[in-house]
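Student: sequence-free structure coming up:
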DNA sequence: CAGGTTGGTCAAGCAGCTTGACCATATAGT
DNA sequence: ACTATATGGTCAAGCTGCTTGACCAACCTG
């Protein structure tokens, strides 16, 4: 693989990622959640299963815990999550999604599905599945990082 | 395709994109260009062929021309590009890469090639090519947008 | 050549992050 | 049990990269 081909792949990947983010955000806004930014989505993804602490969230997002705390302040203020006492650690507080938070998460899923549907029209179901499998196998474990 | 599968694909894509950005940046830094951020790379990509005006750059990056101008200020100050009079439009100025700018671009290509090489070890050459072709076909034309 | 458009800059403001300091609770060492 | 250290969280201040708004100079159209 030549450097220029690697660059073409990288550029295409990053362009698709940026476009995907934009379209999911647009879809979420179109579904009535107008006070939310893409970064919140990644927080929701971490909160969704069982909640998480601010420190967990910070590690997942690759930011300081102060930044994560500020982000939690915001989504709590807007009604998407709430802080609860942490069972088994009186220092910590468990941040969990409210029903509104779940509704927003479902909206994001629906918006993502729309985008992927467009891809399926361009590539066919099989190639989209191949894409998903390939990307899943090279996806990193660490914190989610902004694409730039 | 279920919503949850679309979400899994989206999450994998965004995770890979963030990781790719991080690794290219690390590789560029490791090659001695320590005063550069990922956003600059996207500017370089637009400047590389024949240079561009600030307004071109702004449209390509999806930001205001003031922001683009500020970014150009920075890469000019750091020696990666220079402003020249625009042939055929006395208002405009053509921003072109310096030799240092080209060297940095080559460093980014080499860093990207390293990352793609890792992918090839995980997936095989054929699947990487399939990835590139699939992503190229769904890549948008418009401005490059941050992944979040 | 007058009127509107386009390329670019200057200036001020803001959002989201950082670093640094600090408190309360938890955990480990002796 | 008692001290020492580590960890979860917040408050405060500061910085960086973006935005909006105002403006000038050069271009283009009638």
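Tutor: The structure has been received and is ready for your questions. Bear in mind that the values here come from a model prediction, so they are computed numbers and not experimental data. Numbers count the residues shown, from 1 in each chain, chains lettered A, B, ... in the order given.
Student: do you know how far the residue positioned nearest the centre of chain A is from residue A:61?
Tutor: When C-alpha atoms, centre = their mean is applied to chain A, the residue found nearest the centroid is residue A:42 (2.9 Å). Residue A:42 sits 6 Å away from residue A:61, taking C-beta to C-beta, to the nearest Å as the criterion. Using the backbone N, CA and C atoms, a C-beta is placed for each residue, glycine as well.
Student: Overlap of the contact sets of these two?
Tutor: Counting by C-beta atoms under 8 Å, 6 or more residues apart in numbering or on different chains, the contacts common to residue A:42 and residue A:61 are residue A:144.
Student: hey, where'd the strands end up in chain A?
Tutor: A:81-85, A:93-97 (DSSP state E).
Student: Quick one: closest of the ones you listed to residue A:134.
Tutor: strand A:93-97 (30.7 Å; C-beta to C-beta).
Student: what comes up buried for the closest one?
Tutor: Of the residues in strand A:93-97, A:93-95, A:97 count as buried by neighbour count, 16 or more other C-beta atoms under 10 Å in any protein chain shown.
Student: where does chain A dip in pLDDT?
Tutor: A:1, A:147-148 (pLDDT under 70).
Student: Quick one: name the residues of it near DNA strand D.
Tutor: Neighbours of DNA strand D within chain A, by C-beta under 7 Å from any atom of the strand: A:53-56, A:65-66, A:69, A:72, A:83, A:86, A:89, A:91-93.
Student: Redo these as TSV? Include distance to residue A:11.
Tutor: Listed next are the residues of chain A next to DNA strand D as TSV, based on distance: C-beta to C-beta, whole Å:
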residue	distance to residue A:11
A:53	37
A:54	36
A:55	35
A:56	33
A:65	34
A:66	34
A:69	35
A:72	35
A:83	41
A:86	44
A:89	45
A:91	45
A:92	42
A:93	42
